[in-house]
Structure formats: C-alpha cells, structure tokens
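**Q** Take a look and give me a structure for this.
(chains A and B)
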Amino acid sequence: MITLNTINFNDTVIIKNITGEETLKRRLLDLGFIPESKVTCLLISPFKDPKAYQINNNLIALRNIDAKNIEVEYE
Amino acid sequence: MNNIKVALIGTPNVGKSTIYNALTKNHEHTGNWAGKTVDFTKGECIYNNTKYTFYDLPGTYSLISKSEEETIATDFIWSQNFDVAVVVCDATSLEKGINLVFQTEEICHKVVVCVNLIDEAKKKGIHINTNLLSKNLNLPVITTSAKDKVGLEKLLVAIQNASEKDYLNIDYGPLEPKINDIITEINPTTQNKKWIALRILDNNNHYLDKFNTENLLNLGPKTKEAKTSLANVDISLEIVMHLMKEIKIKLKNVITYQKLNYNSRERKIDKILTSKIWGIPIMLLFLFLIFYLTIIGANYPSDLLFKFFSSLEDNLTNLLNFFSLPHAIIDLLVNGVYKTLYWVVSVMLPPMLIFFPLFTFLEDLGVLPRIAFNMDRAFNKCQACGKQALTMCMGIGCNAVGVTGARIIDSKRERMIAILTNVFMPCNGKFPTLIAIITMFFVGLSNKYGSLLCALILTGFIFLGILVTFLVSYLLSITLLKGEKSSFTLELPPYRMPKILSTITYSLKNRAIFVLSRAVKVAIPAGIVIWLIANISINGNLLLHYLSNFLNPFGKLLGLDGVVILALLLGFPANEIVIPALLMCYLKTSSLIDFESYAVLKNILVLNGWTIKTAICFLILMMFHYPCSTTILTIKNETKSNKFTLLAFILPCLIGISLCLLINLIF
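**A** Residues are numbered from 1 along each chain as shown, chains lettered A, B, ... in the order given. Here you go, the predicted model:
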C-alpha cells in the first residue's frame, strides 16, 4: 500500500485507510481525509516538507511524517 | 424585550467573525490585534424589538474532537447556555460545514444553517440549491455574504423563527445495538443519552470528565461489554463514515459546478509564494514593504503632531499659572505628564495607524498561513510547530496577542515554546523606538534613501529575532520542554480580497482609541513617576542620580549606562515609554529642552556619551528584554504556571544581556 507522502506533485489518488495515533487520525478525519475521497498534491513548500493537498475544495498542509498515516491508491 | 441567545459555530476561515462584527457592530477583540478568535466574545444587537446576544465561538472542525483548541467551542455548546445555534458554513466547501451542522443537531434543539461566502461560490461557478438543502435538512438555510452585509436581516428573522426539534438521530450502523446497551446505564433523567453513549464509545476523555463531574453516568457491566466487543472496530472512523454517508444523501443534487478549474489563478499565486527559490525572499519582502510604508508614512504626521503638541506647552503652562497652582505641580503636569503623553501619542500613533491596516490586510488576504507553510520545516527541525510562525506574526502586532494566539497550537509542549519565544518578535510598541534609533545613528538624518535603509535595517533586526526564536525553541525542546513532535495540520484558506476601506476605517478607529487610551493609562502615571525620580532629592542629591549611579556599573558592562537601564525598568508597563523616560532622565527636567525632532534627540543622546556602539547595544536590549507587564500577565494566564512565567521573564533578559556583553567585549 502506498502512502500519501510518497505521491508526486499534481497526482490525484483515492484514500483507502487512515492509520496511526488517535488524535492525529481524528484531526485528519475532521479535515476531510476520509476513505474513498479523492486527494491531490498541489503544493510543496520550499524545503519539500510539508506539502499541501487538495481535498473537497480545501487546501490542507500536512507534514510528510503525518501524511504517512494516510494509505492511498491510484485511480 | 425578548432576548435570544445565539451561539455562532463554524469551521475556521468561514467568515464567522465577519458575520458577528456586522451583526453586533462590536469590534472588540480579545486582544488588540484583529484576526483569529481564540476566545469567545459576546455582543448584542436589536432587531424587530428583539434583543439578540451573539456568542462568537472559535472556529472548530468538529464538536467531538479531542484537541484543546476546540474545547472552548465544545464546552460552550455542551453548557447549553443559549437558545439557538447558528452553524456558519462555507458555500465553497459545503460538506465540511454540513458535517458540523449534523454534529450540532445531535446536541442542540434549535439550529439555523447560514451558508456564508455565497458571493465567492458564485464567482467560482458553484451553485447551491438552498431550498432543496433546507428541505433535505429540515432546517432553515440562509445564504449570506457577510463581507457585503448581504442576507444578515434574513438570518436574524430565521433565528427568531427557529423551531424546536428533536436531537438528530443518525444511524451509526453496527454501533447502534451497543449504543442502546450503554444507554441503559446512563442516569435515566439525563438528556441526550445517545450522544453521551457515543462519547463513551469513542473514549472522549474531555467529555467523560464532564459527564462524571455532572454525575450523569452510572456505568456498569453492559458498557464494559459493549466496549470490549468493539475493541477491534475503529470507532471514530466508523462514526465519521456514517456521518459522511448521511451528508452525501442530504447534499445529493444540492451543489452544481459550472466551471471546473476555477482555482487555477489561485494555484499560480500559491506556487510563487511557496516556491523553492522565491518563497522565503517574498515573505521577507512583504515584511520589508510593510516597514517601509510605515516609516515613510509616519514621518510627516509624527512631526506635525510633535510640533502641535509642543506649541501648546506654553499655553498649558500659562493656563496652569492662571489657576495659580504651585510651581512644582505645574512642572510635574507639564514636564512630567504632558511631555510623556505627547511623546507616546505623536511617536507611537502614526506608525501604528499605518502598520495595523497593512498587516490586517495581509492577514485578511490569507498570506499568513502560507508563511507558516513555508517556515514549518525549520520549526519541525526545532521540534516545534509551524503554526508558531502565525503566533510570531501576531506578536509583531502585540506580544500579548501572540501569546493568547498560541492556543491554535495543539500540543502543550509546542504551545509553551511558542509562548516563551513570542517576545523575540518586537511588538508594535517597540517599533517607533527602534526606528528612531536606527534613523539617528545608522541611516543619518539627511539621507535621501533614509526610509528605505531604515526599513532594511529593521527587517534585519526582525530576522535576528527569528533566528533567536529558532535557536531558543530548539534549546528549549532539548532541555526543559523535551518531548515528542506532534502533528501539524494547517488549512490554507483561499485568497480573499479584503474590503480595503473598511479595513482602514476599522483599524483607524480601533487603533486610535486603543493607543490614546493606553497613552492615558500608562503615560500619565509613568510621567509622574519619572518626574518624581528626576526631582525628588535626598540629602541634596536627586533620586535619579542615586538610581542611575546604582545601575551604572551594570549598564556600563552592557555598553550602556545607568539611565538606559533605568528607562528600560520604567518601561515595564509599556515599551512605548522607554524613550521619553530616557530623555527626561537625561534632561533631568530642569534644563527644559524640547525634543521636537530627531536632530535634537540625537544631540541629547550624543551629549550623554552615546556612540554607535551604545546605539547597537540599546537596540539589542530593546529587542531582547522582559515582556511588558500586559504580556507577562497574559503568559501567567495562559500557562497557569509561575515557573514558566518567570522563565518568560528571565529568558529574553539573559539573551539580551549576553549579546550586549559580547558586543561590549569585542568592540
């Protein structure tokens, strides 16, 4: 299973599962990182970490280490 | 008169506070810095013979979250101390808002849905069928564009007519039988048992503590059994998935998109602002531009105010003579109180009035989250949170607000770091002093590019502040505040063109009142104290001499003198009065020279032995010394710890003192 932090700039993937520690998982779910949603990597910060992802019309910045908790699949 | 209490709930960045301000015409903020609501505020309005009391709650993504930032909102809603809940949604991203609507409906009887930013949605080609949405949700739905005050009266009518409904009952599928089991073990008189049962299932400790203290629970074997049987189920995911399922059903056919790719221009801007090469330089350029505009814009009005106030000095003296007051009292009032007061007003007011609208403009535009995005990597390396960049920006406005603003950081350890290091960002009260010294000693008074150079040097000083922030953050996280890095999630809201005119009038009105009231509150007593120190003599020697002689060896060690140290001590209530205190002590009031221009000012300083080195040491110590009394009180409030408050006091002093010692040793 690939994780969100590994996808390339401008790639769109579908979320399959959210893993990891409870507080972060809860926050990710609140922000709309929900299984079966589409997510696109839209911005990369000057030092390559964090990256910003578009989900449901919102742009959300995540650190790579946190995005690792989101399992995704290409369409 | 009928009084309706209304809670305003909404996800961050939906313009909730704009609605609140437009409705209540109440521009009071928790601090003196516009922006994020970190505490809730209360305001009133009267419409149709009904009094509405609005509670503006901080933005929250969810009412069942466990993050500390959101507990103010959730606690308020749990208290049920209001009649109607208005959930403000973002028309351009309705799912997120409806999620919050559902969660609100699960614990509130009267709910009104307000779909804000409808103008923005229209521009982006998003159409929302409000009638269908209202029918699907069985709730009143009002569309607004709060920025332009569209739809607000309809909202008030809808609030008045909101009808009482049962709590929303969402089908949580496999959880349902277990929920019913737990309900049998909740005190029978308790309201909303299903919601409580859900919080027990997803182990929400924040609420569990509340339930326990309110004696709502009577848990026994059935609850235990329900929890063990679901041990392999991801409860929070299950809850969210069922909420989402319901949202998809309710939003079916409600939203239609006309244009795709409506975000492309925004993405282009974002790409430049966060690009590898330009990202950081552009942020510094923004900072530089703000300072530059502040400096050139403030010069002339400052001069004018100075001249105006000093020309009144003789009249004031004559007037007081007319009442035949004793000479000492007149001297105290004119040379003590009046001089300090007009220094603070003429030197502080113009830059603040220019700086604040500019900064508010950048903030409203949506630039600050991008700064946090760009800088996060550096904070990450220091084991701190990228949102600290936001609190630093707030700190440039006012450290007390930056400290309160640190609530947006979830992890307690990282929040402490942000609070303890906030003072390294020089606040607005320090700017005019820094600008004055830089202009006098580094730029020269007749330099054609003076303002430009001055802004550059000031940006350099901010840069130094940023470096020290990183260094201290890192040192703290490997010593006193050791711990795990927490996660970092930050929404980058769409760019929104602020209403320029209202930003300006709002800032002018609020800043002018704030600065003037602060001037009166701080400068008057400070003026009296300074005058007394400079005029009371013991055994034929002025108190001022005793104090400055006492502090002199310490001052000399730092490349300064006793008077500077005394002025900084006197500036504890507010940084604004450091320079007037300094001047009065140097002039010892008897010499009666007016400090109406930088040239005169520089003269006074040079006569008292100031050199470039003194100026550098003074700037360093001005940047790095204890936070003002307001900030210290705020830190005490926010950390609830004497130890950390003391640390917040000592830490910047240590840095300032060691830097000055170093400079003094080397040069």
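**Q** Around chain B, pick out the residues from chain A.
**A** A:18, A:22-32, A:34-35, A:42-50, A:52, A:56-63, A:65-66 (C-beta under 8 Å from any C-beta of the partner chain). C-betas here are computed from N, CA, C, even on glycine.
**Q** again, only this time at 7 Å
**A** A:18, A:23-27, A:29-32, A:34, A:42-43, A:45-47, A:49-50, A:52, A:56-63, A:66 (C-beta under 7 Å from any C-beta of the partner chain).
**Q** For ChimeraX, write a command that selects the buried ones of those.
**A** The following ChimeraX line selects those of the residues of chain A next to chain B that are buried, judged by 16 or more other C-beta atoms under 10 Å in any protein chain shown:
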select /A:18,24,25,26,27,29,30,31,32,34,42,43,45,46,47,49,50,52,56,57,58,59,60,61,62,63,66
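**Q** residue contacts, the nearest residue to B:G151 once chain neighbours are set aside?
**A** The spatially closest residue to B:G151, leaving aside those adjacent along the chain, is B:T144, at 3.5 Å (C-beta to C-beta, 6 or more residues apart in numbering or on different chains). Neighbouring residues of B:T144 by C-beta atoms under 7 Å, 6 or more residues apart in numbering or on different chains: B:I19, B:C114, B:N116, B:I118, B:V150, B:G151, B:L152, B:L155.
**Q** can you give me phi and psi for the second one?
**A** Listed backbone geometry of B:C114 is phi -120, psi 110, with angles given as degrees, to the nearest 10.
**Q** Okay, and the beta partners of it?
**A** B:V88, B:I142 (DSSP bridges).
**Q** Near it, how many residues? Count them for me, please.
**A** Residues lying near B:C114 (other C-beta atoms under 10 Å in any protein chain shown) number 31.
**Q** Point out the other helices and strands that the longest strand along chain B packs with.
**A** Looking across chain B with DSSP state E, the single longest strand is strand B:2-10. Here strand B:2-10 touches helix B:16-24, strand B:50-56, helix B:71-79, strand B:84-90, helix B:94-105, helix B:152-161, going by 3 or more C-beta pairs under 7 Å, 6 or more residues apart in numbering or on different chains; DSSP states H and E.
**Q** Determine which stretch of these is the most buried.
**A** Each of those was scored by mean neighbour count; the highest is strand B:84-90, a mean of 26, by mean count of other C-beta atoms under 10 Å in any protein chain shown.
**Q** Let me see the ranges of the strands in the chain.
**A** Let's take chain A. A:2-3, A:12-18, A:38-44, A:51-55, A:58-62, A:70-74.
**Q** other chain: chain B
**A** Using DSSP E, strands in chain B cover B:2-10, B:41-47, B:50-56, B:84-90, B:111-116, B:126-128, B:141-143, B:255-257, B:489-491, B:537-538, B:541-542.
**Q** And these: which comes nearest B:N637?
**A** Among these, the nearest to B:N637 by C-beta to C-beta is strand B:41-47 (16.3 Å).
**Q** buried residues in that closest one?
**A** B:T41, B:G43, B:C45, B:Y47.
**Q** between these, which is closest to chain A?
**A** B:T41 (23.6 Å; C-beta to the nearest C-beta).
**Q** list the contacts for B:G483?
**A** B:R413.
**Q** Phi first, then psi, for it.
**A** Torsion angles, degrees, to the nearest 10, at B:G483: phi 160, psi -180.
**Q** Could you report the pLDDT at it?
**A** B:G483 is assigned 84 on the pLDDT scale.
**Q** For stretch B:142-149, the averaged confidence score.
**A** 91.
**Q** how near is the residue nearest the centre of chain B to chain A?
**A** Closest to where the C-alpha atoms of chain B average out (C-alpha atoms, centre = their mean) is B:V401, at 3.9 Å. Taking C-beta to the nearest C-beta, to the nearest Å as the measure, B:V401 falls 23 Å from chain A.
**Q** what's the answer for B:S229, then?
**A** Counting by C-beta to the nearest C-beta, the gap from B:S229 to chain A is 19 Å.
**Q** nearest residue to that residue other than its sequence neighbours?
**A** That would be B:K178: by C-beta to C-beta, 6+ apart, it lies 6.8 Å from B:S229.
**Q** Need the pLDDT of the residue of chain A most remote from its centre.
**A** Residue farthest from the centre of chain A, counting by C-alpha atoms, centre = their mean, is A:P46 at 18.2 Å. The score at A:P46 is 93. That number is its pLDDT.
**Q** For it, which non-adjacent residue is spatially closest?
**A** In space, A:P46 is closest to B:G279, 4.1 Å off (C-beta to C-beta, 6+ apart).
**Q** neighbours of the one you found, just the number please.
**A** Neighbour tally, B:G279, other C-beta under 10 Å: 20.
**Q** wouldn't it be in contact with A:F47 here?
**A** No - using C-beta atoms under 7 Å, B:G279 makes no contact with A:F47, being 9.0 Å away.
**Q** Can you show me the CA trace of the lengthiest helix in chain A as CSV?
**A** In chain A, with assignment by DSSP state H, the single longest helix is helix A:22-30. The C-alpha coordinates for helix A:22-30 follow below in CSV (Å, rounded to 0.1, in the frame of the first residue of the first chain):
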residue,chain,number,x,y,z
GLU,A,22,-5.9,8.6,17.7
THR,A,23,-5.6,12.4,18.0
LEU,A,24,-4.0,12.8,14.5
LYS,A,25,-6.4,10.3,13.0
ARG,A,26,-9.3,12.3,14.5
ARG,A,27,-7.9,15.5,13.1
LEU,A,28,-7.4,14.1,9.7
LEU,A,29,-10.9,12.8,9.5
ASP,A,30,-12.2,16.2,10.6
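**Q** Name the surrounding residues that touch the worst-scoring helix or strand of chain A on mean pLDDT.
**A** Lowest by mean pLDDT, DSSP states H and E among the helices and strands of chain A is helix A:22-30, with a mean of 85. Applying C-beta under 7 Å, 6+ apart, the external contacts of helix A:22-30 come out as A:18, A:66, A:69-70, B:61-62, B:65-67, B:236-237, B:240, B:487, B:489.
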